[in-house]
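Peer 1: Give me a model of this one.
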Amino acid sequence: MGSQPRAIVVGGGVSGLSAGVRLRERGFDVEVLTRAPAARSTSAVAAAIWYPYKAGPVEAVAAWSRASYAEFARLARDPASGVVMRSGVELLPASERDSAWRSEVVGLRAARGDELREGYDHGWVFDAPVIEMPIYLTWLERRLRELGGRLEAGEVRDLSALAPRAELVVNCVGLAARELVGDRELVGVRGQIVRVAREPGTPERFLLDDYNPDGITYVVPRSRDLVLGGSAEEGREDLAPDPAESAAVVARCAALEPALARATVVSVAVGLRPFRPSVRVERESLGRATLIHDYGHGGAGVTLSWGCADEVARLAAEVFDDVRGALGGSR
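Peer 2: Alright, predicted model coming up:
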């Protein structure tokens with residue numbers, strides 16, 4: 001091929017923007033097509049601490065997560081990115097003491113007794129990227145444009161209609177893939193978070209309690225607020241905030257960090273995680289074009305974003321000879 005192969009990425013959330021950046025770095029002429037700004041996407045709601053949650057298969061998710069961890073750790077050196085490395089504690093029951101990804105994180109050690117909470121006899125302390133999404137999504141959009149990529153508004157109802165315009169189409173539409181490609185394995189998993197103000201006495205470290213019998217519980221400090229979570233209601237897809245649920249989230253978090261009981265609530269947000277039994281990153285034919293899917297990341301869309309974007313770039317490079325040599329290009 002004599003000119004840059006054209007790529008249209010459908011979906012302007014964290015997965016679509018990351019894939020667009022990686023493809024542009026590899027030499028594709030990239031257009032990211034989105035029906036809503038990133039600030040109104042599911043990605044914008046995410047608490048966005050790096051943590052492989054509600055996504056499979058295990059080995060692939062571990063590999064993608066490790067790749068993303070390394071990239072976020074690098075981005076944390078740029079204050080404009082909205083990414084910082086924070087130390088925190090993951091609380092665990094006795095039956096859960098290891099996973100495929102813990103060996104890759106920085107600063108991993110067993111939690112001391114004073115770092116645990118009632119009902120838990122084990123936990124890990126480690127450093128993880130915390131990604132402040134309103135800042136980070138703007139940074140990603142800027143990065144795409146700086147590389148020469150384009151971000152365009154538009155809604156796609158038929159992927160095959162894009163084939164005359166591009167040699168490569170990348171499907172990053174998340175939950176909308178149920179309708180766009182007829183994927184009935186996708187299920188919306190409703191999550192509600194509460195944002196509270198950072199005040200004297202509120203924690204500086206993140207806290208994860210994924211095994212709380214009353215619901216997943218986490219505290220994620222950011223620059224101006226803390227994100228308290230959360231919920232994971234499979235099949236419930238209404239987006240209206242539930243006041244009773246907000247109160248329950250705050251109560252669970254305050255049970256772990258008593259200072260949060262007095263914190264000022266800034267806002268409440270609801271999003272739908274696009275869950276399927278296996279994250280779908282695969283290639284197929286789209287008439288004369290090539291189609292690559294990248295969706296179904298469950299509760300780990302941000303955590304998997306760079307690893308899956310790298311996989312998209314690898315799959316694309318296998319088809320387009322003239323970009324193979326650019327793999328591993330500018331970062």
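Peer 1: Residues contacting the worst-scoring helix or strand of the chain on mean pLDDT, please?
Peer 2: Ranked by mean pLDDT, DSSP states H and E, the helix or strand of the chain with the weakest confidence is helix 42-45, at a mean of 79. Outside helix 42-45, the residues within contact range by CB atoms under 8 Å, 6 or more residues apart in numbering are 13-15, 38, 133-134, 137, 174-175, 191, 193, 269-274, 301-302. For glycine as for every other residue, the C-beta is placed from the backbone atoms N, C-alpha and C.
Peer 1: What of stretch 229-243?
Peer 2: With CB under 8 Å, 6+ apart as the criterion, stretch 229-243 contacts 47, 54, 187-194, 215-218, 220, 245, 249, 253, 268-273, 275, 299.
Peer 1: Just the CA atoms of it, as PDB, please.
Peer 2: Output in PDB follows, covering the C-alpha atoms of stretch 229-243 (Å, rounded to 0.1, in the frame of the first residue of the first chain):
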ATOM      1  CA  GLY A 229     -18.100   3.000  45.600                       C
ATOM      2  CA  GLY A 230     -19.800   1.100  44.700                       C
ATOM      3  CA  SER A 231     -22.300  -1.300  43.200                       C
ATOM      4  CA  ALA A 232     -22.400  -4.000  40.500                       C
ATOM      5  CA  GLU A 233     -25.900  -4.800  39.600                       C
ATOM      6  CA  GLU A 234     -26.000  -7.100  36.600                       C
ATOM      7  CA  GLY A 235     -28.900  -6.600  34.300                       C
ATOM      8  CA  ARG A 236     -30.100  -3.300  35.900                       C
ATOM      9  CA  GLU A 237     -29.600  -0.500  33.400                       C
ATOM     10  CA  ASP A 238     -31.400   2.600  34.700                       C
ATOM     11  CA  LEU A 239     -29.100   5.600  35.100                       C
ATOM     12  CA  ALA A 240     -31.000   7.500  37.700                       C
ATOM     13  CA  PRO A 241     -29.100   7.900  40.900                       C
ATOM     14  CA  ASP A 242     -30.600   6.000  43.800                       C
ATOM     15  CA  PRO A 243     -30.500   8.000  47.100                       C
END
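Peer 1: Give the buried residues for it.
Peer 2: Within stretch 229-243, the residues that count as buried by 16 or more other CB atoms under 10 Å are 229-233, 242.
Peer 1: and if you look at stretch 109-116?
Peer 2: Neighbour counts over stretch 109-116 (16+ other CB under 10 Å) mark 111, 115-116 as buried.
Peer 1: Any chance of those residues in TSV with pLDDT, secondary structure and distance to residue 179 as columns?
Peer 2: Below are the buried residues of stretch 109-116 laid out as TSV (pLDDT from 0 to 100; DSSP: H, G, I helix; E, B strand; the rest coil; distance: CB to CB, whole Å):
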residue	pLDDT	secondary structure	distance to residue 179
111	93	coil	44
115	93	helix	46
116	92	coil	45
